[in-house]
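Trainee: Let me see the structure of the following:
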Amino acid sequence: MNIFRKLFSYLRGARQELKKINWPTSKEVFQKTVVVILFSAVITAALGGFDVLFNRAVLALIASQSSSGPAFNIEDFSPEDFGTQEPIQIEVGDAEGLSPAVEEVTLEEVEAEE
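Mentor: Presented below is the predicted three-dimensional model:
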């Protein structure tokens, strides 16, 4: 029974302490909520702006590093183009991507290498 007496004493003390708290008014809660929402919106916009700027900077850096651009654009081909046995041109380069050359290979040669 002693443990129940201690539990009730603790709960009574906690209740008395809760009565001493200076709770904010609903007006104060509303004002602080608006401040938090506005601050969050400003930070979100700033981080979004930095993200766009860094994205554009990285894309510009990548574009400046590749002088010739991509060897081909996949959207320029139709599905029928991939079923032919005619030679296709493939741009190859050395280990660092320098001195590109053009080789003609057939689909059979590619499959034989695999």
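
Trainee: okay, Ser68: pLDDT?
Mentor: Looking at Ser68, its pLDDT stands at 55.

Trainee: do the same with Val52
Mentor: For Val52, pLDDT reads 93.

Trainee: do the same with Val34
Mentor: pLDDT recorded at Val34 is 97.

Trainee: which stretches of the chain aren't confidently modelled?
Mentor: Along the chain, segments meeting pLDDT under 70 span 1, 66-111, 113-114.

Trainee: Let me see the ranges of the strands in it.
Mentor: Counting by DSSP state E, the chain has strands at residues 88-92, 101-105.

Trainee: Next one: Thr25 from Leu18, what distance?
Mentor: 17 Å (C-beta to C-beta, to the nearest Å). (Each C-beta comes from the backbone N, C-alpha and C, glycine too.)

Trainee: for Ala60, same thing?
Mentor: In terms of C-beta to C-beta, Ala60 sits 59 Å off from Leu18.

Trainee: same deal with Ala63?
Mentor: Separation of Ala63 from Leu18 (C-beta to C-beta): 63 Å.

Trainee: next one: Lys32
Mentor: When C-beta to C-beta is the yardstick, Lys32 and Leu18 sit 21 Å from each other.
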